[in-house]
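J.: Need a 3D model of the following:
(chains A, B, C and D)
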Protein chains: 4
Amino acid sequence: MSVSQTGRLLRITTFGESHGPALGVVLDGVPPRLHLDLEAVQQELDLRRPGRSPLHSARAESDRVEALSGLFQGQTTGAPLCLLIRNEDSNSTDYAALRDLYRPGHADFTVQAKYGIRDWRGGGRASGRETAARVAAGAVARQLLAPLGVAVQGHVVELAGIPIRAVDLEAARSHPLRCGDPVMAQHMERAVEQARHDGDSVGGVVEVVARGVPAGWGDPVFGKLDALLAGALMSIGAVKGVEVGDGFALARMRGSEANDAMQPPDGFATNHAGGVLGGISSGQQIVLRCAVKPTPSIRHPQQSVDRAGQAATVSTGGRHDPCIAPRLVPVAEAMTCLVLADAWLGQRALVG
Amino acid sequence: MSVSQTGRLLRITTFGESHGPALGVVLDGVPPRLHLDLEAVQQELDLRRPGRSPLHSARAESDRVEALSGLFQGQTTGAPLCLLIRNEDSNSTDYAALRDLYRPGHADFTVQAKYGIRDWRGGGRASGRETAARVAAGAVARQLLAPLGVAVQGHVVELAGIPIRAVDLEAARSHPLRCGDPVMAQHMERAVEQARHDGDSVGGVVEVVARGVPAGWGDPVFGKLDALLAGALMSIGAVKGVEVGDGFALARMRGSEANDAMQPPDGFATNHAGGVLGGISSGQQIVLRCAVKPTPSIRHPQQSVDRAGQAATVSTGGRHDPCIAPRLVPVAEAMTCLVLADAWLGQRALVG
Amino acid sequence: MSVSQTGRLLRITTFGESHGPALGVVLDGVPPRLHLDLEAVQQELDLRRPGRSPLHSARAESDRVEALSGLFQGQTTGAPLCLLIRNEDSNSTDYAALRDLYRPGHADFTVQAKYGIRDWRGGGRASGRETAARVAAGAVARQLLAPLGVAVQGHVVELAGIPIRAVDLEAARSHPLRCGDPVMAQHMERAVEQARHDGDSVGGVVEVVARGVPAGWGDPVFGKLDALLAGALMSIGAVKGVEVGDGFALARMRGSEANDAMQPPDGFATNHAGGVLGGISSGQQIVLRCAVKPTPSIRHPQQSVDRAGQAATVSTGGRHDPCIAPRLVPVAEAMTCLVLADAWLGQRALVG
Amino acid sequence: MSVSQTGRLLRITTFGESHGPALGVVLDGVPPRLHLDLEAVQQELDLRRPGRSPLHSARAESDRVEALSGLFQGQTTGAPLCLLIRNEDSNSTDYAALRDLYRPGHADFTVQAKYGIRDWRGGGRASGRETAARVAAGAVARQLLAPLGVAVQGHVVELAGIPIRAVDLEAARSHPLRCGDPVMAQHMERAVEQARHDGDSVGGVVEVVARGVPAGWGDPVFGKLDALLAGALMSIGAVKGVEVGDGFALARMRGSEANDAMQPPDGFATNHAGGVLGGISSGQQIVLRCAVKPTPSIRHPQQSVDRAGQAATVSTGGRHDPCIAPRLVPVAEAMTCLVLADAWLGQRALVG
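T.: This is a model prediction of the structure:
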């Protein structure tokens, strides 16, 4: 709910700045006797890692995860699990020029306004690098969900205004743009390259699908499953919109179209609702989409102000992705896994 | 964070079912010495109340609010404030036919799947009537924010697929459809009437604007102001999508367009971000929009199943709005006020 | 964790003042399908009620409990359960003389210092009457625990410095002093009468025993079962000390004496630890004792100050028990039941 | 409130096992712009460290603290502060003999019963070593309190049944037994040596005094300052009893004696209440005492059982203090500092 912590029963606390010694997360409430596959955690981190393709930024981080606590002979013990990722390639001098400047679209101004102090090295706590800790935590949650038959997968469904026309989730997992439509992905790649060439950036839409969630997870009223998922996804830096199922399109439908008819014994003819009714999972696929704004760091000169309130022009050099939507896929998956695993424990507490 | 509670410092707990004895809310953490205007609370409830116009459902509830605790000589004392609303016009026999039927688009099936028991009288806890408690709580939060110069107002920006073309927020407050564009509102009314005539329903989009929020409210990482607002709005029954600022449209912009340029000393040229940067308020207007699905209760016959898993046809008679988006406006305002007042207290705790 | 709320999964929020319209509690997280016996709840309230014997204060309150939500056909639904108790015999004029005086041993001064406002009618929120809401909530928790074989019972083990020498828990439940040693109880009664005659008051020690708690409840580190129980008991108004098992006497033992030897297969030879090891229940009886200070309201004149900081003499007339330890027994039982039921749900969430 | 987290606004999460890679704590909610003195944090850790005198156990740990996040140019930033302490001298082979044995007075049996798995190396999470993370966190809280004039100091007031007769808090800070009465300390030392010689152990009583706390901190009802303090102290491994002010002695007083008379303008003649009235600080010294049981690990042979439920004899060799009360002093101070700093922020949130 608050600040750097989230979750109710599976509760995580993240810490760390872009250019500090390390990032990490403590997971409290992990059920005991899970054989934790740390290599699988590492693989999730690798999917988030920058520098994976020429399309991405060049910061070289190995992002090796280390488990500091909560494991005994490879199993969770029920004690808090701390996962640590040391920072390596943090060149703060790139950022020295920005120490007194507020980059448009960034949290520079608001962090200063809030705290009266700002770690300007690489965005400090407000850096996208913070999401590495989420991905590590989400990978643990994913392993809790797997034995229940729950699988969570995300993909890019739109980039630079170009929507997909076909979906192959398996292909999406290995594609640099995390896109499951190889044809449209080529158009997307060109748009990203063009943006990079122009010193500009583009946004996109990420969809996450959770399969295998049984009916009954999620708690009315304020703990509605979709409310928690929306809050979790919106807490990811660049996300500015979230929808469940048909989302905003539902606002334009009639009830007779929007209502998903039920079929004996407990199925549904359609899934406009996106797998959640009244805040409780219905047993259908849970479908979420989030709007990712274009990367705010661009070479293109922008009007801004400095800390003294004087006009200034900002051009962000350094290592920046012209599009972060693909790298956001594992983060959105992680947040979804965390909310779902927490909802599972909540339902187990309620009805045994 | 959980279940029927939300908020961190200004923490509310709601209770009550559609056809039980009463609805209510306990607000814990209300600062002392607020001269609470209970009449103003009542007015907010009246705006949410059904039966206000021929366009709305006919259930007659006076929704009189009673303060049971936390007040002394008209002022808050710092003790928990309980606000109670007795149910009056609850005719459960209307619903007896539905006791074993799952209405499409409703929580009937999921509530049964979750709890193994379901209060079928008027939707029980899953009824929209639950939002009365939110509105009462939000009206208190509004009074906490007012002396700080913070004002929150919502309106319908789209109904039945018909968008507004002009905005007059004052006019919106008194319009039955909560729409600030009198011209388009006429088209909307016709669409609602047509839906009612067809035994069907329509959805809409509600926008909430918060003015006067100073820079610095909201807490990275998981307590981002927009994440909390999105979660709060998505926790309202019929909401299926939430966006901040330009929301999904930002996914189609380039960074050079999406970034709001800053102007000396601490202003902005545009407000694509909707008043939140890095999860912290920027001092601009906070702009939120939520997608409201069409009312699921329709006269139009729908395919469904009963509790035994047998096919059944459902036609929801009774008193139902063909469009609940207008009545959702005070609810969305209330949730926004609650999140903002909580963020204010959080910032006060952090920096004094 | 906070203010007027406690519990993690079975979470309660209390509200109400001594002379306001009502007291109440909302229980969130109650598992569904509990056949709630409201009469049993009422009986617990009756045990706490003043005016039960000539030894007690004369305020006449029927303390009838009303369930406002969360029940359907006599069963819990999983929705929040609100229990309400209307105040009846609240004669504030008794207290008008005290509106500007700070009674020694009371929260009058500290409430004013904290909030800058004080509901002086009968102590307001700081009245012992607040505990009625706890007792109602605890009675629900007791019904959750009963099917698991967990029984919680308290009794007075010392009063006015007079310790018991024998224990009959059944007899204690019906004795006006909640004392299970009829011989020593006669001495206690005389001491209470003498204190009343002197315009003074006496304290006592209350013990609570929980039987049937299986091994494995409670969460290291900060959620230790005894830590939560100690915090819960210490949150009762007049309690100034709490001990588990042999408590302070353990500080004077040697390890070879204090350690409870284990016996095959999983039993213990003694129970110095009071049923908790490392914060986790051991399967033995859980034994808690709390020190109850003498009632601060006495007829005996006391030196004090008024709100202006001027010296004043206070003599508290009105209806006051010369000893509240017996009336604290059901409150201590209630808090114990609430913590245990919450620990049960926590363990269920953790291991299924 | 829960599991490995505590606090409301200054919220800590600890992690780590006795023989794992590291111990640590994340502090969330630390106000920004505190010039953190890491050397002072280290000094607190040194006071808790084993091996400081011949009276203590021989495990050699340098307990060097490292800050992983939340600092920028020596100041806190408002971001979570992670403090890490690597384990060095962890010789698990000492414990291999105990892998299937349950040591009396330890959490071995209950941890196994709860989780179905147990890290038997040095007690795992249930080791006293866990308190190092608390001390580190408490040292940060102490620095938050210092500018407010709040000072927290603990000392041993009784050891092996030997009470002090004089107090010199300054002397107590540097004495190996943390005792401020040099005469009685000699008797205590002899008792500890005798217990060691006998392969046995002794307990004691630790007092903590907080000076400079203004009136108004702490929240009725469940957030009472003394309730939170009692819960925090009882969460320390070996503590089995907690009292505030005169504690259990109050149960034997009359009201006319127990009530602290007030003196103009806002002072008190005595402090039987220990600085808390109605759960709110009164401006007087806050006085707490906790009962510390004798170290359960003793050489003396004890009857126990093994994991198969068979009878077994346990004699705990290895490096163990015959009395841990002195080493508990900095831990009790730390927990007190954490609760007080949190209460300060809570009051700031409430009234600005």
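J.: Against residue B:296, how distant is the residue of chain A most remote from its centre?
T.: Residue distances from the centre of chain A (CA atoms, centre = their mean) peak at residue A:264, which lies 36.2 Å from the mean C-alpha position. Separation of residue A:264 from residue B:296 (CB to CB, to the nearest Å): 20 Å. Yep, even glycine has a C-beta here, placed from its N, CA and C like the rest.
J.: how about the helices of chain A, start to end?
T.: Per DSSP state H, chain A carries helices over the ranges A:38-48, A:93-96, A:108-115, A:131-145, A:169-174, A:182-197, A:225-234, A:255-258, A:325-351.
J.: quick one: which of those helices is nearest chain B?
T.: helix A:225-234 (2.8 Å; CB to the nearest CB).
J.: Return the distance of the residue of the stretch 101-250 of chain A found nearest chain B relative to residue A:237.
T.: Closest residue of the stretch 101-250 of chain A to chain B, CB to the nearest CB: residue A:107 (2.3 Å). For residue A:107, the distance to residue A:237 (CB to CB) stands at 8 Å.
J.: same deal with residue A:286?
T.: 23 Å.
J.: now do residue A:340
T.: Residue A:340 is 21 Å from residue A:237, by CB to CB.
J.: what residue ranges in the stretch 201-350 of chain A score low on pLDDT?
T.: Scanning the stretch 201-350 of chain A for pLDDT under 70 picks out the ranges A:317-319.
J.: For it, which residue gets nearest to chain B?
T.: For the stretch 201-350 of chain A, CB to the nearest CB, closest residue to chain B: residue A:278, 2.3 Å.
J.: Point me to the residue of the stretch 151-300 of chain A nearest chain C.
T.: For the stretch 151-300 of chain A, CB to the nearest CB, closest residue to chain C: residue A:220, 7.7 Å.
J.: If you could redo that for the stretch 51-200 of chain A, that was the one I meant.
T.: Closest point on the stretch 51-200 of chain A to chain C, by CB to the nearest CB, is residue A:78, at 6.6 Å.
J.: now chain A
T.: Closest point on chain A to chain C, by CB to the nearest CB, is residue A:349, at 3.6 Å.
J.: returning to that earlier point: next, count neighbours for the residue of the stretch 101-250 of chain A closest to chain B.
T.: Other residues near residue A:107 come to 27 when the count uses other CB atoms under 10 Å in any protein chain shown.
J.: Could you measure from it over to residue D:79?
T.: 12 Å.
J.: Which parts of the stretch 1-150 of chain A are strands?
T.: For the stretch 1-150 of chain A, the strands defined by DSSP state E, counting those that start in this stretch cover A:5-6, A:11-16, A:22-28, A:65-67, A:71-72, A:75-76, A:81-86.
J.: brain fart, the stretch 151-300 of chain A
T.: Going by DSSP E, counting those that start in this stretch, the stretch 151-300 of chain A shows strands at A:151-159, A:162-163, A:204-211, A:239-244, A:262-263, A:267-268, A:276-277, A:280-281, A:286-292.
J.: Could I get those in TSV, plus columns for distance to residue D:158?
T.: Shown next, in TSV, are the strands of the stretch 151-300 of chain A (distance: least, CB to CB, whole Å):
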stretch	distance to residue D:158
strand A:151-159	56
strand A:162-163	75
strand A:204-211	58
strand A:239-244	58
strand A:262-263	70
strand A:267-268	69
strand A:276-277	59
strand A:280-281	56
strand A:286-292	59
